[in-house]
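Peer 1: Give the three-dimensional model of this entry:
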Amino acid sequence: LEPARPEQLLFDRDAPPYKRETIFGMSYQVDLSQPARYALDGRLVDAQARRIRRPEYNGKPLVTEQEFLLATNDFRGGGGGNFPAAERGRQIEIPSKQVREAIIEHLSHRRFVSGQRTESWSFMRLPGVTAVFETGSGATKFWSRIDTPLEPLRSADDGFLRYRVDFEDDHWPQ
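Peer 2: Residues are numbered from 1 along each chain as shown. The predicted model follows:
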């Protein structure tokens with residue numbers, strides 16, 4: 001994103017939403033003023049690009065030696081969707097089940113406090129930067145759950161709603 005450039009898109013409409021994974025317990029900031037590291041087709045386009053800032057796991061800085069067990073499906077684990085596959089280390093065989101069932105089972109064995117938030121990712125504050133995005137009208141009922149400074153603009157031609165995000169707002173981390 002560039003300062004003083006109005007109506008720039010927050011995300012590329014050609015980028016499928018399944019390319020935006022998160023890891024439970026990991027938090028970080030995304031600096032959208034930096035160039036993308038990968039093209040939409042998965043090719044490395046800028047090895048020096050670093051959009052991710054302050055990565056933490058369970059509130060502690062991430063260290064290079066940390067290992068994580070990545071549970072995914074065959075499609076994503078094999079690089080599906082032109083996504084560079086995760087390094088194949090030790091593989092663990094698990095019974096076949098739908099992702100939905102695995103999540104329900106996992107959540108039923110954990111204790112969660114109602115209303116407690118688990119930090120995930122956020123955008124970094126970018127002075128002089130605004131961007132727009134479109135979403136379905138059903139998303140409006142969830143805006144009260146987020147702290148993102150959004151300004152409704154208008155309905156888009158295809159029935160979606162258009163919003164402006166102000167990255168200069170004091171809500172964003174420095």
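
Peer 1: Enumerate every residue touching residue 153.
Peer 2: Taking C-beta atoms under 8 Å, 6 or more residues apart in numbering as the contact definition, residue 153 lies against 132, 161-164. For glycine as for every other residue, the C-beta is placed from the backbone atoms N, C-alpha and C.

Peer 1: PyMOL command for the buried members of the residues you listed?
Peer 2: Command for PyMOL that selects the buried part of the contacts of residue 153, burial taken from 16 or more other C-beta atoms under 10 Å:
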select buried, resi 132+161+162+163+164
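
Peer 1: Let me know the closest of the contacts of residue 153 to residue 92.
Peer 2: Relative to residue 92, the closest of these is residue 163; by C-beta to C-beta it sits at 41.2 Å.

Peer 1: what secondary structure does the closest one sit in?
Peer 2: In three-state terms, and counting by DSSP: H, G, I helix; E, B strand; the rest coil, residue 163 is strand.

Peer 1: Spatially nearest residue to it (excluding sequence neighbours)?
Peer 2: Distances taken as C-beta to C-beta, 6 or more residues apart in numbering put residue 150 closest to residue 163, at 4.7 Å, once the chain neighbours are dropped.

Peer 1: same check, this time on residue 44
Peer 2: residue 38 (6.0 Å).

Peer 1: I believe residue 138 is in a helix; please confirm or correct that.
Peer 2: Yes: the assignment for residue 138, made by three-state DSSP, places it in a helix.

Peer 1: Look at it and say how many residues are nearby.
Peer 2: The tally of other residues near residue 138 (other C-beta atoms under 10 Å) stands at 8.

Peer 1: again, but for residue 126
Peer 2: The local packing of residue 126 (other C-beta under 10 Å) involves 19 other residues.

Peer 1: Wait, a helix at it?
Peer 2: No: residue assignment for residue 126, taken from three-state DSSP, gives coil, which places it outside any helix.

Peer 1: That one contacts residue 32, correct?
Peer 2: Yes: the pair residue 126 and residue 32 passes the contact test of C-beta atoms under 8 Å, sitting 6.8 Å apart.

Peer 1: Give the intersection of the neighbour lists for those two.
Peer 2: When contacts are counted by C-beta under 8 Å, 6+ apart, residue 126 and residue 32 are jointly contacted by 1, 167.

Peer 1: any idea of the mean pLDDT in stretch 98-107?
Peer 2: Mean pLDDT, taken over the full extent of stretch 98-107, equals 80.

Peer 1: distance between that stretch and the chain's centre?
Peer 2: 21 Å (C-alpha atoms, centre = their mean, to the nearest Å).
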